[in-house]
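Novice: What shape does this take:
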Amino acid sequence: MSIYVGNLSYEVTQDALNNVFAEYGSVKRIQIPTDRETGRVRGFAFVEMSSDAEETAAIDALDGAEWMGRDLKVNKAKPREERGSSYGGGGGGNRGGGYGNRNRY
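Specialist: Prediction:
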């Protein structure tokens, strides 16, 4: 399982997160997503620890805690949802209106 860590400072680093979570057990992996265009941290991360007990201890201790000037949101990460092949529904195009519409008046 993985832990979701939200409301992070945009100055956060992997080392800093590792130091905080290492107090509650062995950290296996940390992911800090960045914006594709700017490369800037997006304000959340995912932390994997060695056991469920360690993850639970970290969640209990850190959810709502103030760190780097922000109140953390820490909970079990939800499985990623499959998005399918489209990027949102409908929209776009010139369907029935605009140029060339014979029923204008």
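Novice: for the protein, what are the low-confidence residue spans?
Specialist: 83-105 (pLDDT under 70).
Novice: Show me the strands in it, by range?
Specialist: Using DSSP state E, the strands found in the chain span residues 3-6, 27-31, 44-49, 66-67, 70-71, 73-76.
Novice: for these, which one sits closest to residue 16?
Specialist: strand 66-67 (8.8 Å; CB to CB). Where C-beta positions appear, they are placed from N, C-alpha and C, glycine not excepted.
Novice: re earlier: format the strands of the chain as a markdown table; extra columns: mean neighbour count and distance to residue 60.
Specialist: Shown next, in a markdown table, are these (neighbours: other CB atoms under 10 Å; distance: least, CB to CB, whole Å):
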| stretch | mean neighbour count | distance to residue 60 |
| --- | --- | --- |
| strand 3-6 | 20 | 11 |
| strand 27-31 | 15 | 16 |
| strand 44-49 | 20 | 13 |
| strand 66-67 | 12 | 15 |
| strand 70-71 | 13 | 15 |
| strand 73-76 | 15 | 9 |
